[in-house]
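>>> what shape does this take:
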Amino acid sequence: MSDYDAAPSRKVKDIYRIPGQTKELCADVREADARGVSYGVYMGIKHDMQNQEYYEKFGVRLKRRHRV
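Model prediction:
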């Protein structure tokens, strides 16, 4: 590479990066948009998937946590 050749730069603009929010929230928003559903619907789907994985691993259903 000579002095006149520019190194290729990586330009990635992440439209789902929300300043001040966690990476997990941004990833959830991105996945909901990719599936074509709202964020709330996606979180319900994600919760159901986590419950099913827990049931398959331990053989019992998760108990709901009641907040006081």
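>>> going along the chain, name the helices of the chain.
Ranges of helices within the chain are 23-35, 39-58, based on DSSP state H.
>>> how about the longest one: buried residues?
The neighbour-count criterion (16 or more other CB atoms under 10 Å) identifies Tyr42 as the buried residues of helix 39-58. Glycine gets a C-beta too; all of them are placed from N, C-alpha and C.
>>> where does the prediction get shaky in this structure?
Applying pLDDT under 70 to the chain flags the ranges 1-3, 11-14, 64-68.
>>> isn't Val41 right up against Glu31?
No: applying CB atoms under 8 Å as the test, Val41 and Glu31 come out as separate, 11.4 Å apart.
>>> just tell me which of the helices of the chain ends up closest to Ser9.
Nearest of the helices of the chain to Ser9, taken as CB to CB: helix 23-35 at 22.9 Å.
>>> then the closest one to PDB, C-alphas only?
Coordinates of each C-alpha in helix 23-35 appear next as PDB, following Å, rounded to 0.1, in the frame of the first residue of the first chain:
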ATOM      1  CA  LYS A  23     -27.900  -2.700  23.900                       C
ATOM      2  CA  GLU A  24     -30.500  -5.400  24.800                       C
ATOM      3  CA  LEU A  25     -33.300  -2.900  24.300                       C
ATOM      4  CA  CYS A  26     -31.900  -1.800  21.000                       C
ATOM      5  CA  ALA A  27     -31.500  -5.400  19.800                       C
ATOM      6  CA  ASP A  28     -35.100  -6.100  20.800                       C
ATOM      7  CA  VAL A  29     -36.400  -3.100  18.800                       C
ATOM      8  CA  ARG A  30     -34.300  -4.200  15.800                       C
ATOM      9  CA  GLU A  31     -35.700  -7.800  16.000                       C
ATOM     10  CA  ALA A  32     -39.300  -6.600  16.400                       C
ATOM     11  CA  ASP A  33     -38.900  -4.500  13.300                       C
ATOM     12  CA  ALA A  34     -37.300  -7.400  11.400                       C
ATOM     13  CA  ARG A  35     -40.300  -9.600  12.300                       C
END
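>>> residues in contact with it?
For helix 23-35, contacts defined as CB atoms under 8 Å, 6 or more residues apart in numbering pick out 14, 16-18, 38-39, 41-43, 45-46.
>>> okay then, goodbye and thanks.
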